[in-house]
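In: got a predicted structure plus its sequence, pasted below:
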Amino acid sequence: MALQFVKALMAVAFIASLSTAQAQAPRKLVIANEGGFPPYNMTAADGTVQGFDVDIGNAICKLIKAQCSFVTNEWSGIIPALLAKKFDVILGAMGITEERKKRVIFSDPYGITYSEYGVVAGKEFPITPQTMATKIIGIQQGTTNAAYIEKTYPGAQIRRYPSIDALISDLKAGRVDIVLGLEEKFAKEGDGPKLVTIGEGVQVSEGIGIAFRPQDTALRDEFNAALKTLRANGTWAELQKKWGPKIK
């Protein structure tokens with residue numbers, strides 16, 4: 001009888017130790033972005049993802065005591081992939097819009113961005129409905145920039161691209177006349193003619209936010225609290241200075 005009692009105590013202790021270990025083990029979260037939208041996110045030569053979004057994500061995960069990994073996903077399909085539970089969070093400079101809020105929930109904005117019109121140097125022109133009607137406009141499909149152009153210039157000649165790199169490549173090659181995107185991308189050194197911005201910057205969303213599945217309100221709230229801490233302790237400003245995105 002005593003032996004059975006001892007064995008029972010040992011079993012209870014073993015189960016308790018497992019529970020303690022599980023409680024102490026950090027939860028795992030998978031965070032997605034495009035991996036091709038510098039300086040927010042980009043894929044390094046070794047295949048890892050880096051950028052402002054990644055550093056912000058890692059800082060948040062440290063605060064909420066989560067073990068996070070980053071994956072990339074083609075942008076136009078990134079929301080369906082989130083809803084299909086291929087990953088847990090989208091942290092990739094996603095503009096907050098009413099249309100997107102019908103499908104996902106967002107954190108508080110972690111930045112306000114302004115998009116710029118870019119052209120090849122020497123081919124500048126004034127931005128008006130009349131001039132835009134005569135140009136071929138390039139946009140990255142599935143973006144807030146694309147939605148803005150389609151709404152602002154209905155009937156315009158528009159070419160849609162799967163990535164910002166393909167878009168910029170065709171602009172330099174003369175296959176499109178003008179694109180709407182981030183000034184940091186236009187200023188990036190590379191082959192071909194120099195690109196410059198023209199006209200006024202436009203705010204195409206309510207800001208950039210972190211996207212979650214609609215049921216993940218508790219996780220969203222944790223991220224919001226962490227974002228407030230990063231703003232207050234100076235981490236957000238340090239990372240903004242490190243990567244240089246023109247956000248506020």
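Out: Great, that's in hand.

In: residue nearest the centroid of the chain?
Out: Residue closest to the average C-alpha location in the chain (Cα atoms, centre = their mean): Gly92, at 1.0 Å.

In: for that one, list the residues it contacts.
Out: 32-34, 37, 40-41, 53, 75, 78 (Cβ atoms under 8 Å, 6 or more residues apart in numbering). C-beta here means a position set from N, CA and C on the backbone, and glycine is covered the same way.

In: for it, give its distance to Val71.
Out: 11 Å (Cβ to Cβ, to the nearest Å).

In: check Gln215 too.
Out: Distance from Gln215 to Val71, by Cβ to Cβ: 21 Å.

In: these two: which is more packed in?
Out: Using other Cβ atoms under 10 Å, the more surrounded residue of Gln215 and Val71 is Val71, with 13 against 8.

In: for the more buried one, what is the enclosing helix or strand?
Out: According to DSSP states H and E, Val71 maps onto strand 66-72.

In: contacting residues for Ala156?
Out: Ala156 touches 132-133, 135, 137, 149, counting by Cβ under 8 Å, 6+ apart.

In: shaky segments in the chain?
Out: Scanning the chain for pLDDT under 70 picks out 1-24, 187-190.

In: please redo it, this time with the cut-off set to 80
Out: 1-25, 182-191 (pLDDT under 80).

In: how is it partitioned into domains?
Out: Per automatic domain parsing, the structural domains of the chain span 2-112+206-243, 115-202.

In: list the buried residues in the strand holding Val71.
Out: Buried positions in strand 66-72, judged by neighbour count with 16 or more other Cβ atoms under 10 Å: 66, 68, 70, 72.

In: closest to Thr48 among those?
Out: Checking the buried residues of strand 66-72 against Thr48 with Cβ to Cβ, the nearest one is Phe70 at 7.8 Å.

In: re the thing from before, now, the contacts of Gly92 that are in helices?
Out: Among the contacts of Gly92, the members falling in helices (DSSP state H) are 53, 78.

In: nearest to Ala173 among the contacts of Gly92?
Out: Among those, and counting by Cβ to Cβ, the member closest to Ala173 is Phe37, at 20.8 Å.

In: in this protein, which spans are strands?
Out: 27-33, 36-37, 41-43, 49-50, 66-72, 89-95, 105-106, 115-120, 136-140, 157-161, 178-181, 195-202, 208-212 (DSSP state E).

In: distance from the chain centre to the fifth one, please.
Out: Meaning strand 66-72. Computed by Cα atoms, centre = their mean, to the nearest Å, the separation of strand 66-72 from the middle of its chain amounts to 13 Å.

In: report the angle between that strand and strand 27-33.
Out: Here the directions of strand 66-72 and strand 27-33 differ by 30 degrees (axes from the mean of the first three to the mean of the last three Cα atoms, to 10 degrees).

In: residues contacting strand 66-72, please?
Out: Strand 66-72 is contacted from outside by 26-36, 41, 43, 48-49, 54, 57-58, 61, 87, using Cβ under 8 Å, 6+ apart.

In: same deal with the second one?
Out: Residues from elsewhere that reach strand 36-37, judged by Cβ under 8 Å, 6+ apart: 42-43, 51, 72, 75, 92-93, 163-165, 182.

In: partners of that strand, with directions?
Out: strand 41-43 (antiparallel) (DSSP bridges).

In: and for the longest one?
Out: The strands beside strand 195-202 in its sheet (DSSP bridges) come out as strand 115-120 (antiparallel).

In: C-alpha coordinates for the strand it pairs with, PDB please?
Out: Taking Å, rounded to 0.1, in the frame of the first residue of the first chain, the C-alpha atoms of strand 115-120 are listed here in PDB:
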ATOM      1  CA  SER A 115       3.300  57.200 -51.200                       C
ATOM      2  CA  GLU A 116       5.100  59.100 -54.000                       C
ATOM      3  CA  TYR A 117       4.800  59.200 -57.700                       C
ATOM      4  CA  GLY A 118       8.000  58.000 -59.400                       C
ATOM      5  CA  VAL A 119       9.300  58.600 -63.000                       C
ATOM      6  CA  VAL A 120      12.500  58.300 -64.900                       C
END
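
In: perfect, I'm done here.
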